[in-house]
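Engineer: heads up, no residue letters with this:
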C-alpha cells in the first residue's frame, strides 16, 4: 500500500499517559507529530485507579507541569477530592493526591490533542518499526500499521503501556487482551526484537469495581478531602479550584473471614499455580499476596473511591486480585458494608512485554537504534505519573534531536523525574518500578513546592514554557528571597517575642531574636508571626509555603545543596563513548560487563551502576587522567 500523504517527522505509538505527554511536547516544540492509539475512546485512560498523584507521584506531577506538560492541569480540572499525604511528616515527603473523574480526564486530554497544532491523532495498530542500516547502525525511518499503511518518521517514541502482547488472567481463564477489555498490541514486540531490543515480561493488576448503590456506606469510615486545595498546575486558578464540592471517599478493612476465604482458595490463584509468569509490583501487591506475605496482620486497609461524578462505579483500592470471579464475590461480601455488593467489573491480572531500560540513554533513546525512544511502562515503570514523566522527557529529546538542539538530561539532583530515569537506565529494574520519596538522596531539595523553580529553566529553554510563565516563576523566586531576607533582618525584643512564644507553648528567650529565629520553632507558623511582625506582609499562598519551609529547614537544605554540588561536579567528568571496558585493566569482570552494557555518560552515572565498586571508579579516574581527561585530583 502506498504511503499516506501526511508524512510526520515524529511518530508516537500509544496514547496513554506517556504517549500524550510525548506527543504534546514534540508538537509544541514545532515538530510535525502523529500519535497512534488502538482506540480513540481510550486516550489517556486510567485502567487501574482513578487518581493522580500520591507519595512521590505527586512530586512528578508538579515537575511535569513545571516543564510545560499537561497532566497537572488536566488533573486539576477533574478533581473530585484532594488530599495531601504525609502531612504529619516533614515537608520533603508531603505528596498531593487527587481522586479524578476518569471519563472527564480522557475527554479533556483527547480534546487537547485534537486542538494541538502540528499534531495528528490516528486510531491504528502499529505492528512494525521501519528502520534502515547506516554506517553507525540502525536508524528509524517510519512505522507500519496492521493494515499495511506506512508513515515516515525520523523519530519514533514507543509508549505501549501494558498493551504489548498483553494477556488478562482471572483464575484459570487467560486470554489475549489489553486493560479494560481492550485489544492487545500484537506483533510490535517481534519487530522491536528484530532491531536488537531485549525484552522482559511484567505483570500488574487491578481491583473489582462495585456498584455504589449496593454498598452500605453507613458501615464505612468516611475520608473527607483537605480544607484547602493547592493546585498541581501553575495555570490553575487556586481560588476557583477551592470552590469545588469535594466528594468523600471511604475506608473499609479486610477481616479474618476475608483472609480465610483467600487462604482456602489459594490453589485457584494464578499467582501460585504458575499461570502468571510475569513479575508483579512489589509495592502494590494483590490482596492474596498480602495475606500470604503478611500472615500476622489481622486486617488490611482498603479505600473505597469514586470513579467519576456521573457513574455509580466505585474503586476498591488495595483489593487487587486475580482470583476467580466467584471467589472475588465471596471476598467482597465478607467486608463490612459489602454484604450485598454487586460487581460491575471483575478484578484481573495483566501480563505484558517491556524493554529492558538499561538499553536506553538518559535521553530515553535506544542505544542500538538511532531515533527510537521508549517511555512509560514500556520502560519498566508502573503508574500514570511515572509514564507521563518519561513521556515528556522522551518527547522533548526526540524534538531536540530533530531540531538540532542539545538534549535535555535531568540530573538526579534536579528532580524526581531525573531520579526515575537515572534509576531505570543505570540500574535497570526486575519489577515494575515505582517512584517514592525514598528513591532520592536529595528529597529535601526536591519538594513539591519548588518544582517550578527547579525545572522552569529546562521547560523555557526547550520552548514548552512561555516567556510570561517563565517570568512569573522568576518573580515568585525574587519575592521568596526578599521575604526570607526580611525575616532574617527584622529584630524583635524579648518582650514582643515572648508574647508569641508563650502563646505557642514553647520556651521563651532572654534576648532579642529575628522573625526567622521564631519561625524556625516547630510550634510557630508564618501566619503566627503577624501578631508581632512590625510590618506584616500579605503574600500569595505559594510564596508563604516556600518561605516557611526554607526558613525552617535552612540548615538541612544547605547540607543537601553541598551534596548536590559535589554530585554535579562528578557528573561533569565525562566518559568517552568509545572506551573498551572489556579490555580495561584493573576493572573487575562484573564491572567490565556492566559498564560495557550500560555505557555510562559520566563518572557519576558509572558509580551508581549495580556491580561497579569504588575501586572500579578509581580505575576509571586513573584511566581518564592518563588519557588526558579530567584529573582525579580535581575532586
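Structural biologist: Now that the structure is in, tell me what you want to look at. Keep in mind that what you see is a predicted model, and the values were worked out from it rather than measured.
Engineer: all strands for the stretch 1-150 of the chain, in order.
Structural biologist: For the stretch 1-150 of the chain, applying DSSP state E, counting those that start in this stretch gives strands covering 10-13, 33-37, 51-53, 79-85, 95-100, 119-123, 126-134, 137-145, 150-152.
Engineer: Let's have these in TSV, adding mean neighbour count.
Structural biologist: To be clear about C-beta, it is placed using only N, CA and C from the backbone, and glycine gets the same treatment. Listed next are these as TSV, based on neighbours: other C-beta atoms under 10 Å:
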stretch	mean neighbour count
strand 10-13	31
strand 33-37	27
strand 51-53	28
strand 79-85	21
strand 95-100	25
strand 119-123	18
strand 126-134	17
strand 137-145	19
strand 150-152	19
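Engineer: got a markdown table for those strands, with distance to residue 603 too?
Structural biologist: Putting the strands of the stretch 1-150 of the chain into a markdown table (distance: least, C-beta to C-beta, whole Å) gives the following:
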| stretch | distance to residue 603 |
| --- | --- |
| strand 10-13 | 32 |
| strand 33-37 | 36 |
| strand 51-53 | 35 |
| strand 79-85 | 36 |
| strand 95-100 | 32 |
| strand 119-123 | 39 |
| strand 126-134 | 30 |
| strand 137-145 | 26 |
| strand 150-152 | 39 |
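Engineer: Low-confidence bits of this structure, can you list those?
Structural biologist: For the chain, the stretches flagged by pLDDT under 70 are 1-8, 629-635.
Engineer: mind running it again at 80?
Structural biologist: Across the chain, the ranges flagged by pLDDT under 80 are 1-8, 283, 628-635.
Engineer: in it, which residue is closest to the centre?
Structural biologist: residue 386 (2.4 Å; C-alpha atoms, centre = their mean).
Engineer: Run a quick neighbour tally on the closest residue to it other than its chain neighbours.
Structural biologist: Distance criterion C-beta to C-beta, 6 or more residues apart in numbering; nearest residue to residue 386, sequence neighbours excluded, is residue 435 at 5.6 Å. Look at residue 435: counted by other C-beta atoms under 10 Å, it has 25 neighbours.
Engineer: Residue 435 looks like it's in a strand, true?
Structural biologist: No: read with DSSP: H, G, I helix; E, B strand; the rest coil, residue 435 is coil and lies in no strand.
Engineer: Quick check: it vs residue 22, distance?
Structural biologist: Residue 435 sits at a distance of 18 Å from residue 22 (criterion: C-beta to C-beta, to the nearest Å).
Engineer: returning to what we had before: next, work out how far apart the residue nearest to the centre of the chain and residue 153 are.
Structural biologist: Residue 386 is 25 Å from residue 153, by C-beta to C-beta.
Engineer: what's in contact with the longest helix anywhere in the chain?
Structural biologist: Counting by DSSP state H, the longest helix found in the chain is helix 467-489. Applying C-beta atoms under 8 Å, 6 or more residues apart in numbering, the external contacts of helix 467-489 come out as 234-235, 452-453, 456, 459-460, 514-516, 519, 529, 537, 539-540, 542-543, 546-547, 550-551.
Engineer: From the residues you listed, list the buried ones, please.
Structural biologist: Buried members of the contacts of helix 467-489, scored by 16 or more other C-beta atoms under 10 Å, are 234, 452, 456, 459-460, 514-516, 519, 529, 537, 539, 542-543, 546-547, 550-551.
Engineer: Let's see which of the residues you listed end up in helices.
Structural biologist: 452, 456, 459-460, 515-516, 519, 542-543, 546-547, 550-551.
Engineer: Pick out whichever of those residues sits closest to residue 174.
Structural biologist: Using C-beta to C-beta, residue 459 comes nearest to residue 174 of these, at 43.7 Å.
Engineer: Identify the residues contacting the closest one.
Structural biologist: 66, 67, 68, 465, 470.
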